[in-house]
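S.K.: I'll drop the sequence and a predicted model, then ask my questions.
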Amino acid sequence: QRVASPLMALLIAVTVAGNALVMLAFVADSSLRTQNNFFLLNLAISDFLVGAFCIPLYVPYVLTGRWIFGRSLCKLWLVVDYLLCTSSVFNIVLISYDRFLSVTRAVAYRAQQGNTKQAVLKMVMVWVLAFLLYGPAIISWEYISGQSIIPTGECYAEFFYNWYFLMTASTLEFFTPFISVMFFNLSIYLNIQKRTKLRLDVFHEVHNQSFTEEMEMSPEAKLSLKCCKWEQKEPAETLDLSKSKAQAAACTASLGSMTQRFRLSRDKRVAKSLAIIVGIFGICWAPYTLLMIIRAGCHGHCISDYWYETSFWLLWINSAVNPVLYPLCHYSFRRAFIKLLCPKKLKIQPHDPLQNCWK
């Protein structure tokens, strides 16, 4: 208990503070209120409530081995805990799907960025579906079965040992979302590979040289730099585009190529972040889901309580990790965090990375 108590307190503090910072940044900075960032806000809300409500009520239960808050609060805690953990999973799927669209349906995606009503509708659907998966079963199971199997002083769901229900719920809560996120990740990867190969083929066909050599030697590449810098130079040094339509066309084409390279680079970062999402999501959820199914099949006789408890805490650790995985991967959120945590530093060094706040 001497070791467990500080670790639990640390987990609560990190979960609450990290997700509160995300929500505060969203409120303070209006530029963050885009459709994709609404989904990050929804995730932060569910994870914040995990740290503010679910974990604190569970800590005395773990330390004493006895539920001291009564049956009514037990049911409320179960409903809220299952709701928040499930909504966190569904939000991860929604965020992954949003990033999938941003890469594979870029034009249509950018056109819908101002449609906040659609984003809010998706957010509400996440909470409704998350509640319907476990909420009605937690509330009504003992009334339908005619009795309660929960001993006095303990708190767990009535379906805790019902293998068929847990298998069905786990399919909807973990296996289907995990496969979906894997699909989105793979689709983005294949899309980027296809675009990269196509771009290399075009350069090889036009210049008959390797992509790397051409980028170093191409006059168009050099001209693009002049195009980007001509407004910053003195009038005598500026490039007079009106004198040469050919130069203007070359500049436009080169700038278009630079835009494509920028988007490709951005999409590669999206793919990397999604790969991390898949990994962390699997690490945090797979052990609990598999042990829960096995435990239900053997009525708790084949799985040690220690391993089950460890896997259970992994779910909550995921809520503490999410603020790092998602918003901190976005420059707009990093800048908002700097603005909140050290505004003076932002004024002095506006382009510094987040770690400069702590210097």
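M.R.: Structure's in. What do you need?
S.K.: Now do the end-to-end distance for stretch 142-152.
M.R.: End-to-end distance for stretch 142-152: 15 Å, by CA to CA, to the nearest Å.
S.K.: Show me the contact partners of it.
M.R.: Identification of contacts with stretch 142-152 by CB atoms under 8 Å, 6 or more residues apart in numbering yields 71, 74, 156, 158, 161. Glycine gets a C-beta too; all of them are placed from N, C-alpha and C.
S.K.: Reformat those as CSV; add pLDDT.
M.R.: Rendered in CSV, the data for the contacts of stretch 142-152 read as follows (pLDDT from 0 to 100):
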residue, pLDDT
Arg71, 92
Cys74, 96
Tyr156, 94
Glu158, 94
Tyr161, 89
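S.K.: Please indicate which of those residues are buried?
M.R.: Neighbour counting by 16 or more other CB atoms under 10 Å classes 74, 158, 161 among these as buried.
S.K.: Turn those residues into CSV, columns for distance to Lys272 and secondary structure.
M.R.: CSV is the format used below for those (distance: CB to CB, whole Å; DSSP: H, G, I helix; E, B strand; the rest coil):
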residue, distance to Lys272, secondary structure
Cys74, 42, helix
Glu158, 42, coil
Tyr161, 41, coil
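S.K.: Kindly reformat those as JSON lines containing distance to Trp67.
M.R.: JSON lines is the format used below for the buried ones among the contacts of stretch 142-152 (distance: CB to CB, whole Å):
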{"residue": "Cys74", "distance to Trp67": "6"}
{"residue": "Glu158", "distance to Trp67": "14"}
{"residue": "Tyr161", "distance to Trp67": "18"}
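S.K.: which of the residues you listed lies closest to Phe337?
M.R.: Cys74 (37.1 Å; CB to CB).
S.K.: ok, for that closest one, nearest residue in space, not its chain neighbours?
M.R.: Closest residue to Cys74 apart from its sequence neighbours, by CB to CB, 6 or more residues apart in numbering: Cys155 at 4.0 Å.
S.K.: got the phi/psi numbers for the one you found?
M.R.: phi -150, psi 100 (degrees, to the nearest 10).
S.K.: Tell me if I'm right that it and Leu78 touch.
M.R.: Yes - judged on CB atoms under 8 Å, Cys155 makes contact with Leu78 at a distance of 7.0 Å.
S.K.: Lowest-scoring secondary structure element of the protein by mean pLDDT?
M.R.: Counting by mean pLDDT, DSSP states H and E, the chain has its least confident helix or strand at helix 219-229, which shows a mean of 46.
S.K.: Could you check how far Met120 is from Asp81?
M.R.: No Met there; residue 120 is Val. From Val120 across to Asp81, the span is 25 Å (CB to CB, to the nearest Å).
S.K.: so Ala157 is in which element?
M.R.: Assigned by DSSP states H and E, Ala157 belongs to no helix or strand.
S.K.: Hmm, I typed the wrong one, I wanted Pro177.
M.R.: Counting by DSSP H and E, Pro177 is found in helix 176-207.
S.K.: how about that helix: buried residues?
M.R.: The neighbour-count check on helix 176-207 (16+ other CB under 10 Å) flags 177-178, 180-182, 184-185, 188-189, 191-192, 195, 203 as buried.
S.K.: Ok, stretch 324-344 next?
M.R.: 325-327, 329, 333-340, 342.
S.K.: For that stretch, give the mean pLDDT please.
M.R.: For stretch 324-344, mean pLDDT is 78.
S.K.: Show me which of Val120 and Asp81 is the more surrounded one.
M.R.: Taking other CB atoms under 10 Å, Val120 and Asp81 do not tie; Asp81 has more neighbours (22 against 13).
S.K.: Show the contacting residues for that one.
M.R.: Asp81 neighbours (CB under 8 Å, 6+ apart): 50, 54, 58.
S.K.: repeat that with 6 Å
M.R.: Listed by CB atoms under 6 Å, 6 or more residues apart in numbering, the contact set of Asp81 reads Cys54.
S.K.: Which pLDDT value goes with it?
M.R.: Note for Asp81: predicted pLDDT of 96.
S.K.: And for Gln355?
M.R.: 42.
S.K.: returning to that earlier point: the helix holding Pro177 packs against which elements?
M.R.: If you count contacts as 3 or more CB pairs under 6 Å, 6 or more residues apart in numbering; DSSP states H and E, helix 176-207 packs onto helix 70-104, helix 211-217, helix 245-297.
S.K.: Give the next helix or strand downstream of the last one.
M.R.: Read that as helix 245-297. Next helix or strand after helix 245-297 toward the C-terminus (DSSP H and E): helix 305-325.
S.K.: Beyond that next one, next helix or strand please.
M.R.: helix 331-341.
S.K.: Using PDB, list the CA coordinates for that next one.
M.R.: The C-alpha trace of helix 331-341 is given here as PDB (Å, rounded to 0.1, in the frame of the first residue of the first chain):
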ATOM      1  CA  TYR A 331       1.200  22.200 -33.200                       C
ATOM      2  CA  SER A 332      -2.000  24.200 -32.600                       C
ATOM      3  CA  PHE A 333      -2.500  22.500 -29.300                       C
ATOM      4  CA  ARG A 334       1.100  22.800 -28.300                       C
ATOM      5  CA  ARG A 335       0.900  26.500 -29.000                       C
ATOM      6  CA  ALA A 336      -2.300  26.800 -26.900                       C
ATOM      7  CA  PHE A 337      -0.600  24.900 -24.100                       C
ATOM      8  CA  ILE A 338       2.300  27.300 -24.100                       C
ATOM      9  CA  LYS A 339      -0.100  30.200 -24.200                       C
ATOM     10  CA  LEU A 340      -1.800  28.900 -21.000                       C
ATOM     11  CA  LEU A 341       1.200  27.700 -19.100                       C
END
